[in-house]
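Asks: give the three-dimensional model of this entry:
(one chain, ligands or ions: 2)
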Amino acid sequence: MLAALTKKSPNEIELRVISPPVLCEDEILIKVAYCGICGSDLHAYNHAKGYEFVDHPRILGHEISGTVIEVNDERYQKLIGKQVIVESMNYCGKCENCCNERYSICLNNKVIGLHFDGGMAQYVKTKAKYVRVIEDVPMEIAVLSEPMSVAVHAIKRLDRDITKNDVILVQGPGIIGFFVALLCVERGAKVYISGLRKDFESRLKKFEPFNIIPHVVEDGLIDEKVDVIFECSGSKQAVISMFDQLKKGGSAVVVALYEQESELFLTNLVRNEWMLIPSYGSDPVDYDEAIQVLKKHAAKIKDIINYYPFNQVKRAFEDGLYQKVLKPVLEIDTKST
Ligand SMILES: [Zn+2]
Ligand SMILES: [Zn+2]
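Replies: Numbering: from 1, shown residues only. Ligands and ions are numbered 1, 2, ... in the order given. Next up, the predicted model:
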């Protein structure tokens with residue numbers, strides 16, 4: 001099969017013919033239709049700090065949609081021929097956190113496409129328990145289930161529901177930021193999304209049809225303070241400055257991953273009782289709402305996603321890395337969908 005493999009040196013990826021994966025217990029084989037390129041794939045691609053655990057060569061990719069073509073146990077026979085998406089987190093189901101349904105922070109957590117080979121290949125294998133059958137969402141949109149589930153998770157991490165009375169700021173005009181903003185709009189809130197001026201045309205502006213208000217960071221603070229901030233930018237400066245925009249008693253949910261450390265003056269957090277809430281990945285249940293929201297907005301979302309033929313994988317990574325596009329998605333085998 002054809003697979004995209006990273007190399008020992010950063011910023012290199014190449015298509016190579018390798019043998020398809022062999023199934024082990026409880027595993028199923030998927031013919032990949034689409035595979036999204038995520039921020040963490042870009043971090044692994046350029047060997048960023050915090051990604052030393054990723055071996056190279058590695059087939060990246062944890063945002064996967066495709067068709068089940070082989071199983072090795074009769075119990076999974078009914079999955080054959082079904083269109084599915086793959087859950088990225090391979091939780092153990094047995095540890096303390098799993099038993100409390102906090103699967104995203106499973107003590108033995110592994111992520112497909114980082115800890116072991118993923119979906120940037122014609123075929124990928126995973127355990128049957130990590131797939132979900134998709135019935136009425138096109139595969140090119142269903143491939144976004146994982147980033148949408150991360151956004152759903154971030155909103156659930158808040159200690160309360162978001163309502164129409166809330167004013168929300170989402171920092172960072174990437175796909176996760178956009179999805180978080182969209183989910184907040186769905187809940188009736190007034191939602192701003194901020195980004196740099198250079199991102200206005202390629203990203204911020206594209207969110208306006210979803211009733212999300214773009215804000216350019218260089219223009220200074222927004223006129224009103226906000227109830228909740230979702231930090232999805234990954235910029236250390238954005239972490240430090242976000243509290244200037246937050247109401248006393250407000251919450252900041254940190255969703256991005258960072259390549260640099262940021263220093264916070266905790267006295268300010270204490271005096272304002274600002275809640276700092278980290279959110280990592282997603283739980284299986286988060287995919288339920290994710291798939292529903294994708295279905296509802298499928299046509300409009302498709303308009304702002306960039307699809308690349310598999311043989312342009314290098315360009316797709318570079319466009320992602322230099323933020324030329326909001327979200328690069330690889331078309332691996334779209335004929336079967
Ligand atoms: Zn992802
Ligand atoms: Zn676990």
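Asks: quick one, what contacts I59?
Replies: Each residue near I59 by Cβ atoms under 8 Å, 6 or more residues apart in numbering is listed here: A3, A4, L5, G113, D117, G118, G119, M120, A121, V124. All C-beta spots, glycine's among them, are computed from the backbone N, C-alpha and C.
Asks: what pLDDT does it get?
Replies: According to the prediction, I59 has pLDDT 98.
Asks: number of nearby residues for the spatially closest residue to it that is not a sequence neighbour?
Replies: Excluding the flanking residues, the one nearest I59 by Cβ to Cβ, 6 or more residues apart in numbering is D117, at 4.0 Å. When neighbours are counted by other Cβ atoms under 10 Å, D117 registers 21.
Asks: which pLDDT value belongs to D117?
Replies: Model confidence at D117, given as pLDDT, is 97.
Asks: V22 is in contact with that one, correct?
Replies: No. Applying Cβ atoms under 8 Å as the test, D117 and V22 come out as separate, 11.7 Å apart.
Asks: now the common contact residues for these two.
Replies: Counting by Cβ under 8 Å, 6+ apart, D117 and V22 have no common neighbour.
Asks: phi, psi for the residue nearest to I59 please.
Replies: Dihedral pair for D117: phi -60, psi 140, per degrees, to the nearest 10.
Asks: one more: the one 5 residues further on?
Replies: With angles defined as degrees, to the nearest 10, Q122 shows backbone torsions of phi -70, psi -30.
Asks: ok, now the one 3 residues further on?
Replies: The phi and psi values for K125, taken as degrees, to the nearest 10, are phi -110, psi 150.
Asks: quick one, what contacts it?
Replies: Taking Cβ under 8 Å, 6+ apart, we find K125 in contact with P21, V22, L23, C24, E27, I28, L29, I30.
Asks: which of those are buried?
Replies: P21, E27, I28, L29, I30 (16 or more other Cβ atoms under 10 Å).
Asks: in this protein, what spans have low per-residue confidence?
Replies: For the chain, residues meeting the criterion pLDDT under 70 lie at 336-337.
Asks: tell me the residue furthest from the middle of it?
Replies: What lies farthest from the middle of the chain is R271; by Cα atoms, centre = their mean that is 33.3 Å.
Asks: three-state assignment of that one?
Replies: State at R271, reduced to three classes by DSSP: H, G, I helix; E, B strand; the rest coil: helix.
Asks: from the chain, which residue is nearest to ligand 1?
Replies: C38 (3.0 Å; Cβ to the ion).
Asks: ok, now which ones touch that residue?
Replies: So C38 contacts H62, E63, E146, P147 (Cβ under 8 Å, 6+ apart).
Asks: follow-up on the earlier one: ligand 2: which of the buried ones among the contacts of K125 is nearest?
Replies: The closest of the buried ones among the contacts of K125, once distances to ligand 2 are taken by Cβ to the ion, is E27, at 18.5 Å.
Asks: not counting its neighbours along the chain, what's nearest G234?
Replies: A256 (3.8 Å).
Asks: what sits against the one you found?
Replies: G39, G172, I176, E231, C232, S233, G234, S235.
Asks: quick check: of the residues you listed, which has the highest neighbour count?
Replies: Within these, neighbour counts (other Cβ under 10 Å) peak at C232, which reaches 30 neighbours.
Asks: phi and psi next, for that one.
Replies: With angles defined as degrees, to the nearest 10, C232 sits at phi -120, psi 20.
Asks: burial count for the closest residue to V285 other than its chain neighbours?
Replies: Distance criterion Cβ to Cβ, 6+ apart; nearest residue to V285, sequence neighbours excluded, is E101 at 7.6 Å. E101 has 11 neighbours, counted by other Cβ under 10 Å.
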